[in-house]
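S.K.: What follows is a predicted structure for the sequence shown.
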Amino acid sequence: MIIKPKLWVIALLLLAAVPSLAQGTTFSWVGETTDWNTPSNWRPFGVPGSADTVIIGTNKNIQTNKSVTVFKLTIGAGSRISGSGSISILNSGSFTDARIGGAGSLIIGSGATVNITTAGSNHGPITGVQGTTSVVNTRFDGIVYNYGIINWTAGNLLAYKGFRVMAAGTLNVNSNAYLVQDPAAPTTAEIYGKVRKTSTGSTIFALPTNNRGRLEAMGGTLDFRNGFTQITGTTVLGRGTLASKSALRYLAGRLEGSGTVQAPVNNQGATVAPGNSPGAIVINGGYVQAPNGILQMEIGGTMAGTGYDQLQVNGPVTLGGTLDITPYAGFVPAIGNTFSLVKFLTISGDFATVNNRFTNVGSYFKIEKISSYVVAQTTADAGVPTIAIAAPFSNQASASIPTASGTASDALSGVASVSVRLYRYTPAGYWNGATWDATYNALTHERPATGTTSWSWSLPVLADGKYYVIAKVKDKANNTASTATTIFWRDIIPPATATITSPVHNTTVANLNSVTGTATDAGSGIVRVELIIKKLDDATYWNGSGWVGDVINLTTIINGSSWSRTNGVGTSMPTGALLPDGLYMLTANAYDRANLKRAAVSTVIVDAPAALQYEMESPSE
C-alpha cells in the first residue's frame, strides 16, 4: 500500500527548504549566471527580498532587469550590478569600487546609511576634467536618489545620469576625491537635503551643482569645478572653503558663516550674512549684489570679525540692493564709532536701501566709501522728520478711494519708513490687513506704506461709512512723527431727502422774499444746497440782480437739516418790478460730500395783491 502525503505537508516541506524572508536572511552571490533573479545564483538558494542582507564579493558581474529592494547591500571591489531594474536599499550599504545601475536608479531609503570607499580598483578613467588623470572608483550608471545618509569616505565617483540628495537625505563628504559626469552625457548634482564636508583637503564636484537644500563647508575645500547655483536653501561656511572656476550664483536663500570663497560671488537675490555671530567671509574674487540681493551685517562690538561682521573682497565690488544692519548681543554703538563692513579693491554702485535694526533713537549709520572699505559711521540725528497726507483730502467723500498717499522728508538721516493707520467709525475698528479689530495695537495696525519721500498705501475695499487715516514716518535714527487725523467718507448713496417747505408747491404767493426747505443725508452729510429760480413765462433765471438765459445756482444758508435763501440776508431775491406776476419754478439741489445730489421742485404763481383782488372780483363768463 502506497501512502500519498497530503498537499499541505508537501507545501510545509518546501517552505522549510527556503529561508523565510520575513526573518531576514543573509544572501551571498555565487553567480552561476549573471541573473540576480535566478535562485541558484545565491546561497542559500533563493532570491533576496526587502528584509534580507545581500553580500556581493569582488569582481562579480550581475544583471537585473527587474527592480529589487533589499535591507542591506555590500558590494566588493570591482563588482558590477547592471540592467534596467532599480536597486533600493532600506537599511544600510557598503560600496567599494562598485558599478551600479543601468537604465534603473539607485534609491537609498530614508532610513538607510551607505558607506562609499575604495580599494584602488577602477571603472575607467575620469575624462573631461582639465588637469586630472584620475580613475573612476565607484560608478553610478543610473540616477542616484539619496533619501538617507551617504558617507563618502574615499574614491572618485561618476554619476552618469545625475546625483540627487533628496529633501531628507544627507551626503557626508569626507573624501578628497571627484564627483564627475560623463562628458558624453552631461548631467547635474541636485541638493534638496544636506551636503556636509568636514574633512581637510579638496573635494571636487566636476558636474554643475544646484542647491535647494543645505550645503555646509565645515573643513577643507568644496570645489564646484563646473559651476554652482543656489536656487533656494542655505550655504554655510564653517571655516571651510568654497571654490569654483566660475562665479557662484545665489538666486535666493542664504550664504552665511565664516570661511573663504575662492571664486567670484554673484548675489542675485539671496542674503549674504558673514559671521558665526560675528565673523567674516573672505572672497578671493569679485562680489556683485543685484537689486534683490541683501547683505546682512551683525554689529556687536568694535572689532572686525569678532565684534562685527565683515565681507572681505579681494577683487571688484558692485553694490546694489539692501544693506541690513542688525544688532548683536545688546551692543549699542556710540556716536563716532566706525565699522568697516565691506573691503574692496575697486567699487561701483551703492546700496539702494539701508535697514538699521538698532532701536536706539537719535543716531544712525551713515554709509560711506573710505579708502578700501565701505564703512558705517555712527552719526547723531535728533531732528524730527515731517510727513503729510495728499490723499484722501480731509473731509473728502467719494464712491472710490483706492489709496492713501503723501510725502515725507528728513533733513539728516533720511526717511526710513512710512506706515498708515486706518480707522472705521461704525462699527468701530482698526484695519489689521485682513479685518477690523476693536482694540488698537501698534504692531498690528501700523500698516507699512510703499515708498519713503513719496509714499502710498492701498486701502482695502471699503463699505459706505466714515473713516480716518493717520500716517507715521520714521527716519533712520528712529525719530518719528505723525500727521494729523484725516477724516473721509466712502459714499455711493445720494442724500436721503430734499424738500422745499416754503413756498408750498402749487400755491399762489405774493412774493419770493424767502425760500426755505430741508435736506438730510445718512452718509457723508449735506455740504451745500443750491437754489434755482426760473421764470417760466420767458424761460429766464434769476442771477441775484436780474434775469438771464443761463441756469444760475444760488447759494443758500444751511442750519442743521434746514436751508434757506432770504432777501437781504446776504443775498438778493427778485422783488418789485423784477418780480412780475406769473408762473415760477423753484428747484433745490442738495449735495453731500461725495457730490451726490437729491432735488426738490416747487412750482408757484406769483400774484401781487392788487392784481389778485381784480381777478377775484372779475365776473365769470
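M.R.: That came in fine, so what should we check first? Note that this is a predicted model, so its numbers are computed, not measured.
S.K.: C-alpha from now on. contacts and neighbour counts both.
M.R.: Will do.
S.K.: Please name every helix or strand in contact with the helix or strand harbouring Asn91.
M.R.: In this assignment (DSSP states H and E), Asn91 forms part of strand 87-96. For strand 87-96, the packing partners by 3 or more CA pairs under 8 Å, 6 or more residues apart in numbering; DSSP states H and E come out as strand 68-75, strand 106-108, strand 113-117.
S.K.: which helices and strands sit right next to the second one?
M.R.: Contacts of strand 106-108 with other secondary structure elements, assessed using 3+ CA pairs under 8 Å, 6+ apart, are made with strand 87-96, strand 144-146.
S.K.: strand partners of that strand, parallel vs antiparallel please.
M.R.: For strand 106-108, the paired strands and their directions (DSSP bridges) are strand 87-96 (parallel), strand 144-146 (parallel).
S.K.: closest one to Gly227 among these?
M.R.: Of all the strands paired with strand 106-108, strand 144-146 sits nearest to Gly227, with 19.9 Å by CA to CA.
S.K.: starting at the chain centroid, how far to the closest one?
M.R.: From the chain centre to the centre of strand 144-146 is a distance of 31 Å (CA atoms, centre = their mean, to the nearest Å).
S.K.: who's in contact with it?
M.R.: Residues from elsewhere that reach strand 144-146, judged by CA atoms under 8 Å, 6 or more residues apart in numbering: 105-110, 159, 161-166, 169-170.
S.K.: and the helix or strand that comes right after the strand holding Asn91, which strands flank it?
M.R.: Counting by DSSP H and E, the next helix or strand C-terminal to strand 87-96 is strand 99-100. For strand 99-100, the pairing partners within the sheet under DSSP bridges are strand 80-82 (parallel), strand 138-140 (parallel).
S.K.: Just the mean pLDDT for strand 99-100, thanks.
M.R.: Across strand 99-100, pLDDT averages out at 94.
S.K.: cool, stretch 505-513 as well?
M.R.: Rounded mean pLDDT across stretch 505-513 is 97.
S.K.: contact partners of it?
M.R.: Here stretch 505-513 makes contact (CA under 8 Å, 6+ apart) with 503, 566-567, 573-575, 579, 601-609.
S.K.: could you redo the last one with a cut-off of 10 Å?
M.R.: With contacts defined as CA atoms under 10 Å, 6 or more residues apart in numbering, stretch 505-513 is touched by 502-503, 533, 565-568, 572-576, 579-586, 601-609, 611-612.
S.K.: Give me the buried entries from the residues you listed.
M.R.: 503, 533, 565-566, 572-574, 579, 581, 583-586, 601-608 (16 or more other CA atoms under 10 Å).
S.K.: Model confidence score at Asp52, please.
M.R.: On pLDDT, Asp52 comes in at 98.
S.K.: Run a quick neighbour tally on it.
M.R.: 23 (other CA atoms under 10 Å).
S.K.: Now do the contacts for Asn174.
M.R.: Asn174 sits next to 151-154, 196-203, 219-220 when contact means CA under 10 Å, 6+ apart.
S.K.: That one and Gly219, how far apart?
M.R.: For Asn174, the distance to Gly219 equals 9 Å [CA to CA, to the nearest Å].
S.K.: between those two, what contacts are shared?
M.R.: With CA under 10 Å, 6+ apart as the test, Asn174 and Gly219 both reach Arg196, Lys197, Thr198, Ser199, Thr200, Gly201, Ser202.
S.K.: among those, who's most crowded?
M.R.: Within the shared contacts of Asn174 and Gly219, most neighbours by other CA under 10 Å means Lys197, with 25 neighbours.
S.K.: What's the local residue count around the residue lying closest to it once chain neighbours are set aside?
M.R.: Leaving aside its chain neighbours, Lys197 sits nearest to Val173 (4.5 Å; criterion: CA to CA, 6 or more residues apart in numbering). Residues lying near Val173 (other CA under 10 Å) number 22.
S.K.: OK, contacts around Phe351?
M.R.: Phe351 sits next to 289-291, 293-295, 318-324, 367 when contact means CA under 10 Å, 6+ apart.
S.K.: my bad, Ala397
M.R.: Taking CA under 10 Å, 6+ apart, we find Ala397 in contact with 464-467, 487-492, 523-525, 592-596.
S.K.: Break down the protein into its helices, ranges please.
M.R.: Ranges of helices within the chain are 7-17, 442-445, 609-617, based on DSSP state H.
S.K.: Least confident of those helices, on average?
M.R.: If you rank these by mean pLDDT, helix 7-17 sits at the bottom with a mean of 35.
S.K.: Now do the nearest residue to Asn37 once chain neighbours are set aside, the pLDDT please.
M.R.: In space, and not counting its chain neighbours, Asn37 is closest to Val47: 5.8 Å by CA to CA, 6+ apart. The score at Val47 is 97. That number is its pLDDT.
S.K.: cool, and Ser618?
M.R.: Note for Ser618: predicted pLDDT of 42.
S.K.: same thing with Val375?
M.R.: Reported pLDDT for Val375: 98.
S.K.: count of neighbours near it?
M.R.: As a burial measure, Val375 scores 19 neighbours (other CA under 10 Å).
S.K.: Report how many residues lie close to the nearest residue to it once chain neighbours are set aside.
M.R.: The shortest distance from Val375 to any non-neighbouring residue, by CA to CA, 6+ apart, is to Ser340 (4.3 Å). Counted with other CA under 10 Å, the neighbours of Ser340 add up to 24.
S.K.: Test my guess that Ser340 contacts Gln377.
M.R.: Yes. When contacts are counted by CA atoms under 10 Å, Ser340 is listed as touching Gln377 (8.8 Å).
S.K.: what do those two both touch?
M.R.: By CA under 10 Å, 6+ apart, Ser340 and Gln377 have these common neighbours: Ile367, Glu368.
S.K.: follow-up on the earlier one: need the contacts of Phe351 in CSV (columns: distance to Ala280 and neighbour count).
M.R.: Shown next, in CSV, are the contacts of Phe351 (distance: CA to CA, whole Å; neighbours: other CA atoms under 10 Å):
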residue, distance to Ala280, neighbour count
Gln289, 17, 26
Ala290, 21, 20
Pro291, 23, 16
Gly293, 18, 24
Ile294, 16, 25
Leu295, 12, 25
Thr318, 19, 17
Leu319, 18, 21
Gly320, 20, 22
Gly321, 20, 21
Thr322, 18, 21
Leu323, 16, 23
Asp324, 16, 19
Ile367, 19, 19
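S.K.: rewinding a little: in strands, which of the contacts of Asn174 appear?
M.R.: Of the contacts of Asn174, the ones assigned to strands by DSSP state E are Asn151, Trp152, Arg196, Lys197, Ser202, Thr203.
S.K.: Show me which pair in these is furthest apart.
M.R.: Across the ones in strands among the contacts of Asn174, no pair lies farther apart than Asn151 and Ser202, at 16.0 Å, counting by CA to CA.
S.K.: Please name the bridge partners of Val236.
M.R.: Judged by DSSP bridges, the bridge partners of Val236 are Glu216, Glu256.
S.K.: Just give the number of residues close to it.
M.R.: Val236 is flanked by 23 other residues according to other CA under 10 Å.
S.K.: ok, it to Leu222 distance?
M.R.: For Val236, the distance to Leu222 - CA to CA - is 12 Å.
S.K.: can you list residues touching both of those two?
M.R.: Both Val236 and Leu222 are in contact with Arg196, Leu215, Glu216, Leu242, where contact means CA under 10 Å, 6+ apart.
S.K.: Who are the contact partners of the closest residue to Pro448 other than its chain neighbours?
M.R.: Nearest residue to Pro448 in three dimensions, chain neighbours excluded: Ser419, at 4.3 Å (CA to CA, 6+ apart). Counting by CA under 10 Å, 6+ apart, Ser419 touches 445-452, 455-457, 470-474, 482.
S.K.: Could you identify the buried members of those?
M.R.: Applying 16+ other CA under 10 Å to the contacts of Ser419, the neighbour count classes 445-449, 451-452, 455-457, 470-474, 482 as buried.
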